[in-house]
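Participant: return atomic coordinates for the entry below.
(one chain, ligands or ions: 2)
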Amino acid sequence: MVNPYCFNKRFFVLFSSLEKLKAPYYNEKKLLLLTTFLIFNFYFQTQAQSETYPWQVEMGINAVDVYPTGQNPYGELFEDFFKVDAHWNISPFLSYIGISNYVGRGFSLGFRFGFNTLTKYGPEPADASYFNADAIIKYNINTLLKWNRVEPYLEFGGGYSIFGEKGDGSFNAGAGIAYMLGDKKRVGLNLGTTYKATGTSYGIKHFQHILGLQFRFGEVDTDDDGVIDEEDQCPDVPGLVAFDGCPDRDGDGIKDMNDRCPDNAGTQANNGCPEMEQQQRETLNVLGQVLLFKFNSYSIIPDSIDALEGIYEILKEYPDAQVVVTGHTDSIGSAEFNMALSEMRAQTVVNYLIKRGLNPNQFTAIGKGETEPVASNKTEDGRKANRRVSFSIDQ
Ligand SMILES: [Ca+2]
Ligand SMILES: [Ca+2]
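Facilitator: Ligands and ions are numbered 1, 2, ... in the order given. Alright, predicted model coming up:
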């Protein structure tokens with residue numbers, strides 16, 4: 001609950017200082033001009049920093065009270081502020097409308113228009129129409145408080161009010177509180193009051209209270225992916241709701257930023273890169289088996305290009321795999337010669353794959369010479385099986 005006494009006292013101090021501020025150069029029109037200038041200057045200098053919903057329209061009812069304004073013949077500032085029945089002119093239907101735009105750092109700029117029918121000036125009966133148009137600079141205190149639904153605010157600005165036939169500019173200062181509803185907090189209930197200090201002798205100082213609904217909209221979604229910028233971790237790249245607006249190009253359930261192979265569907269365990277199936281590992285080794293080199297040479301015979309292409313086709317799908325290519329020979333010739341030869345043959349295969357465009361950092365070429373036979377070197381078939389290149393994949 002707001003303690004009316006504290007509320008009154010605090011605002012009395014605020015408005016008293018405003019009055020003092022104005023006293024030496026009591027020229028409302030200049031002040032109004034200055035305020036308007038400051039608002040627009042501020043508007044164009046402020047870098048627009050989007051809140052979730054930068055636009056707001058509001059509408060509701062207003063009440064005008066000329067009594068607690070410190071203006072003769074009425075009461076002192078804030079005197080009988082809550083004497084609703086006796087002093088307030090409440091317009092019981094839609095009687096004000098406003099629009100504002102968030103410009104950053106808690107500030108919004110806007111306009112508010114209202115009308116009313118006045119039946120009393122304080123205790124005195126009256127019969128006058130009322131109209132107001134105000135330019136507002138609003139500061140949402142919740143920018144500092146970070147409360148969930150309650151948004152207290154302060155506002156300042158300038159405006160023009162017409163009482164019956166007479167109109168006058170005013171310097172305005174107000175405060176209020178909004179209570180935001182729903183999951184998205186796009187709709188709020190607003191209760192506020194504004195003191196309008198008119199300047200000239202025929203102007204009438206007054207308070208205008210408002211009670212209305214606010215509707216917020218205009219959320220920015222730069223990449224148009226349905227996740228607004230405010231909640232979008234990748235605001236400039238279309239993405240998925242499940243990944244806070246970040247993309248998963250290969251659709252493997254691992255978002256691109258965490259995916260070491262963003263264009264190849266993979267597994268979580270392999271950081272988004274595909275895992276090579278056992279069958280493909282075996283195929284690689286079968287192809288390594290049919291690779292033929294010239295006798296005592298590391299040059300591949302042209303007939304083996306198909307096998308090399310087969311190896312390339314498999315490995316290009318696994319840009320993240322570490323591949324150890326091992327050359328082997330049969331036992332004909334010296335062990336040292338075979339060791340060197342096998343390593344060069346492995347390197348020949350790696351060179352081919354790199355030339356085809358695979359990543360050099362994926363490959364290691366080693367030679368095992370005749371040390372790891374898979375068949376007997378005593379038969380031609382056995383020796384043929386031993387002359388091979390094998391592949392070991394580490395992911
Ligand atoms: Ca977005
Ligand atoms: Ca992915």
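Participant: is it correct that residue 193 is in contact with residue 176?
Facilitator: Yes. Using CB atoms under 8 Å, residue 193 is in contact with residue 176, at 6.5 Å. Using the backbone N, CA and C atoms, a C-beta is placed for each residue, glycine as well.
Participant: shared neighbours of these two, which are they?
Facilitator: Common contacts of residue 193 and residue 176, defined by CB atoms under 8 Å, 6 or more residues apart in numbering, comprise residue 210.
Participant: tell me which strands and helices the longest helix seen in the chain is in contact with?
Facilitator: Of all segments of type helix in the chain, defined using DSSP state H, the longest is helix 335-355. When contacts are defined as 3 or more CB pairs under 8 Å, 6 or more residues apart in numbering; DSSP states H and E, helix 335-355 packs onto helix 305-315, strand 322-328, strand 363-367, strand 388-394.
Participant: so for residue 233, which of the ones you listed sits nearest?
Facilitator: Closest approach to residue 233 among the helices and strands packed on helix 335-355 is made by strand 322-328 (30.8 Å; CB to CB).
Participant: partners of the closest one, with directions?
Facilitator: In the sheet, strand 322-328 lines up against strand 363-367 (parallel), strand 388-394 (antiparallel) (DSSP bridges).
Participant: so which bits of it are buried?
Facilitator: For strand 322-328, a neighbour-count test (16 or more other CB atoms under 10 Å) marks 323-328 as buried.
Participant: then stretch 302-319?
Facilitator: In terms of neighbour count (16+ other CB under 10 Å), stretch 302-319 has its buried residues at 304, 307-308, 310-312, 314-315, 318.
Participant: ok, of those, which one's closest to ligand 1?
Facilitator: residue 318 (32.3 Å; CB to the ion).
Participant: let me see the contact set for the residue nearest to that closest one when sequence neighbours are not counted.
Facilitator: With CB to CB, 6 or more residues apart in numbering as the criterion, residue 318 has its nearest non-adjacent residue at 5.6 Å, and that residue is residue 276. Residue 276 makes contact with 314, 318, 321, 393, 395, according to CB under 8 Å, 6+ apart.
Participant: any idea what the fourth one is bridged to?
Facilitator: Pointing back at residue 393 there. Checking residue 393 by DSSP bridges, which sets the bridge assignment, gives partners residue 323.
Participant: tell me where this structure has helices.
Facilitator: Taking DSSP H, the helices of the chain run over residues 4-22, 28-45, 84-87, 142-145, 278-290, 305-315, 335-355, 380-386.
Participant: in the third one, what counts as buried?
Facilitator: This means helix 84-87. Of all the residues in helix 84-87, those buried under the rule 16+ other CB under 10 Å are residue 87.
Participant: name the residues that touch it?
Facilitator: Helix 84-87 has contacts (CB under 8 Å, 6+ apart) with 63, 65-68, 80, 90, 120, 122-123.
Participant: and those, which of them are buried?
Facilitator: A residue is treated as buried here by neighbour count (16+ other CB under 10 Å); on that basis the buried members of those are 63, 65-68, 80, 90, 120, 122.
Participant: closest to residue 280 among those residues?
Facilitator: When these are compared for distance to residue 280, the smallest value, 78.6 Å, is given by residue 63; criterion: CB to CB.
Participant: mind listing the residues bridging to the closest one?
Facilitator: Residues in a beta bridge with residue 63, per DSSP bridges, are residue 90, residue 209.
Participant: could you double-check that it sits in contact with residue 88?
Facilitator: Yes. Residue 63 sits in contact with residue 88 when judged by CB under 8 Å, with a separation of 4.4 Å.
Participant: low pLDDT regions in the stretch 251-395 of the chain?
Facilitator: The stretch 251-395 of the chain contains residues with pLDDT under 70 at 395.
Participant: residues contacting whatever residue of it ends up closest to ligand 1?
Facilitator: Closest residue of the stretch 251-395 of the chain to ligand 1, CB to the ion: residue 255 (13.8 Å). Residue 255 sits next to 239-240, 243, 246-248 when contact means CB under 8 Å, 6+ apart.
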